[in-house]
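[1] Pasted the sequence and its predicted model underneath.
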Amino acid sequence: MSVATDPEPRADPSNGAIAAALDELGDLYELDGAIVHRVVAYRSAARAVRDATVSVAALARAGRATELPGIGRTLEQKILDLITTGSIPAAAKLRARFPPGLIDLTRLPGLGPKRARRLFDELGIDSLDALREAAEHQRLRELRGFGARFEEGVLAALATGEGLRPAPRILLNRALAMAEAIVDRLRAHPAAERVEVAGSARRLTDSVKDLDLVAASPRPDELARALAHLDMIETSQATGPAGARARTHSGLTVELRVGAPEQFGNLLQHLTGSKAHNQALREAAVRRGLHVSEYGILEAATGVEHHHAREEDVYAQLGLPYIEPELRENRGELEAAALPQLVTVDDLRGDLHSHTVASDGRNTIEQMALAARDRGYEYLAVTDHSATHGFGNDVSPAELEVQIERVHEVNARLEGIEVLAGSEVNILPDGALDYEDELLARLDWVIASVHTAFSMSERAMTDRMLAAIEHPLVDAIGHPTGRLIDRRSPYALDIDRVIAAAARTGTMLEINGNPDRRDLNDVHARAAARAGVRILIDSDAHGTNTLGMVRWSVATARRAWLTADQVVNTLPWDRFAPLRKRVRAAG
DNA sequence: GCCGTTTTCGGCCCGACTGTTTTCAGTCG
């Protein structure tokens, strides 16, 4: 580090840091006894900041943070305070009054801000340790509204750690496999009329906390009891007269709700969520004199409750078109004049990211090409790892030359599929690629990815990525942010600069279909497509049996509001081929 | 604290469950 003569300008806080500060302030105001709507306003603002693809700090400095939904003049000023001084005065003041351990108390099941505050005010309890000690000495029951049962509950929760750590999440592919197996079994039950997956699994989120299933039956209690007898279920208990909560042997919680067939649409709509979508939907409905619940839609003027067997009719009565589950996140779907026709797996005509035995794949070029053709594809790019990949899976320049010949030979021999000689080239820390340009120029396709040196500064990593995007022989960027869902954060990256550069240069950005990656994510992919970036949907298959992982890539694309038009590999080969940068540069 | 086909104030989803309580506030999804 050089010795700075000028004072170092304060680095802008990331959107994540701003969102965390707003969430904390919401927690503090809640302890302070603020009305619930004010607290909700902070949480909703935090969500808007987290979802934003532009730098909210930069937006606030330009006086434009109020363009984000749920952020007004007051919150913009608080964000500005955070940027310029490093903290929000209101938060500092409240932190002095409420010890940090107090917020931990509200994480316990059954203990919210109101009751935590009373424990603090009346017994001086300011941490989980203090709570445990008070419970052990039976001092909690002295408080009006608290009793022996509560003390037992506290000690049990502290012993198991329940609620103290965030519940483990499970990736969508595993969750849906289990959900679909359970649904199949329940559908076979004689009391079942309809059984569907609901909740976040139906919305195809990155990962889920639990499974929500919805069923219609003329004998709801009978079907709810049937859940307990499936062989994947370890334990199950009734929740109300027409529901059950179960645990699979793999530890996944399953919630089943059964309703009357004529109300199935209402129940499915309610339990699909998201919470934010439903809340906004209901607020809009109230303005029309309608009250929406999982049981029906109550017409305030007449007192009549309307039941709907079909979800489409729920939306229709609210004056809305059917909204695909993937769009139900309150990200504009209720206000949109028209909703997009979302891309499907069947729209895909090719796959531009796959591996063979030349690097870490399990199948040969020919096997991969035949499997791609069997899927109905017109083209497949073979993109093994490059010279510096390591793990014994690197492809030296000399080996790549041989591989190009092999691909061309297979391509000449096979009818009905265009096989591209490609590479997944490493982007080195300085932004250079690990093959010479002369060799890259002999390929039909290059997708460039970062596989090393993840912990660079945002500026350095963004410059590194931009160098690759500017390279005339880089056709696309693979898994652009490097995240692994719930396991590894994306590397620091100014995604706006990446998107702008990709749009300007015609470099395609991938949504990688590996269920651990799904990278770009939904929010970034939507911003990229909106900026005119050509989006690729790839499997990153390492064998013939994983070409189908495009399912997860399509799931993310649909959550990103993408139409087939915005996904470049929905084009037939003769229209895709000329869009490659290398072709456009040559032409 | 935000927001507007109830526009600058007065609203801001809906229902179930829990524990402790004689009618409900708080919590949760």
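    That came in fine, so what should we check first? Numbering: from 1, shown residues only, chains lettered A, B, ... in the order given.
[2] tell me which residues in the helix or strand that contains A:E30 are buried?
    If you go by DSSP states H and E, A:E30 is part of helix A:15-31. Under the neighbour-count criterion of 16 or more other C-beta atoms under 10 Å, helix A:15-31 has A:15, A:18-19, A:21-31 buried. Bear in mind the C-beta positions are built from the backbone N, C-alpha and C, glycine included.
[3] and if you look at stretch A:296-304?
    A:G296, A:I297, A:L298.
[4] what does stretch A:565-584 give?
    A:Q566, A:V567, A:V568, A:N569, A:T570, A:L571, A:F576, A:R580, A:K581, A:R582.
[5] Surely the fourth one is in contact with A:F576?
    Yes: the pair A:N569 / A:F576 is scored as a contact, 6.4 Å apart, by C-beta atoms under 8 Å.
[6] Report the set of residues contacting both of those two.
    Common neighbours of A:N569 and A:F576, using C-beta atoms under 8 Å, 6 or more residues apart in numbering, are A:R349, A:G350.
[7] And the next helix or strand past the longest strand along chain A?
    The single longest strand within chain A, with elements called by DSSP state E, is strand A:418-426. Next along the chain after strand A:418-426, taking DSSP H and E as the criterion, comes helix A:437-441.
[8] for stretch A:364-384, the distance to its chain's centre please.
    Mean C-alpha position of stretch A:364-384 versus that of the full chain (C-alpha atoms, centre = their mean, to the nearest Å) differs by 29 Å.
[9] what's the span of it from first residue to last?
    For stretch A:364-384, the first-to-last residue distance is 11 Å (C-alpha to C-alpha, to the nearest Å).
[10] Show me which positions of that stretch end up buried.
    Buried residues in stretch A:364-384, counted by 16+ other C-beta under 10 Å: A:364-373, A:375, A:377-384.
[11] Verify the stated contact: A:R518 with A:T556.
    Yes: contact criterion C-beta under 8 Å: A:R518 and A:T556 qualify, at 4.5 Å.
[12] what residues are shared contacts of those two?
    Joint contacts of A:R518 and A:T556 (C-beta under 8 Å, 6+ apart) are A:D206, A:I511.
[13] Which residue, other than its chain neighbours, is closest to A:L520?
    The spatial neighbour of A:L520 that comes closest, neighbours along the chain excluded (C-beta to C-beta, 6 or more residues apart in numbering), is A:I511 at 5.2 Å.
[14] For that neighbour, list the residues it contacts.
    A:I511 makes contact with A:R518, A:D519, A:L520, A:A525, A:I535, A:L536, A:I537, A:D538, A:S553, A:T556, A:A557, A:A560 under the criterion C-beta under 8 Å, 6+ apart.
[15] secondary structure class for A:V197?
    Under DSSP: H, G, I helix; E, B strand; the rest coil, the three-state class of A:V197 is strand.
[16] Spell out which helix or strand contains the nearest residue to it once chain neighbours are set aside, please.
    Leaving aside its sequence neighbours, A:V197 sits nearest to A:A179 (C-beta to C-beta, 6+ apart; 4.6 Å). Under the criterion of DSSP H and E, A:A179 resides in helix A:172-187.
[17] Can you give me the separation between the residue lying closest to A:I427 once chain neighbours are set aside and A:E458?
    Nearest non-adjacent residue to A:I427, counting by C-beta to C-beta, 6+ apart: A:A468, 4.6 Å away. For A:A468, the distance to A:E458 equals 16 Å [C-beta to C-beta, to the nearest Å].
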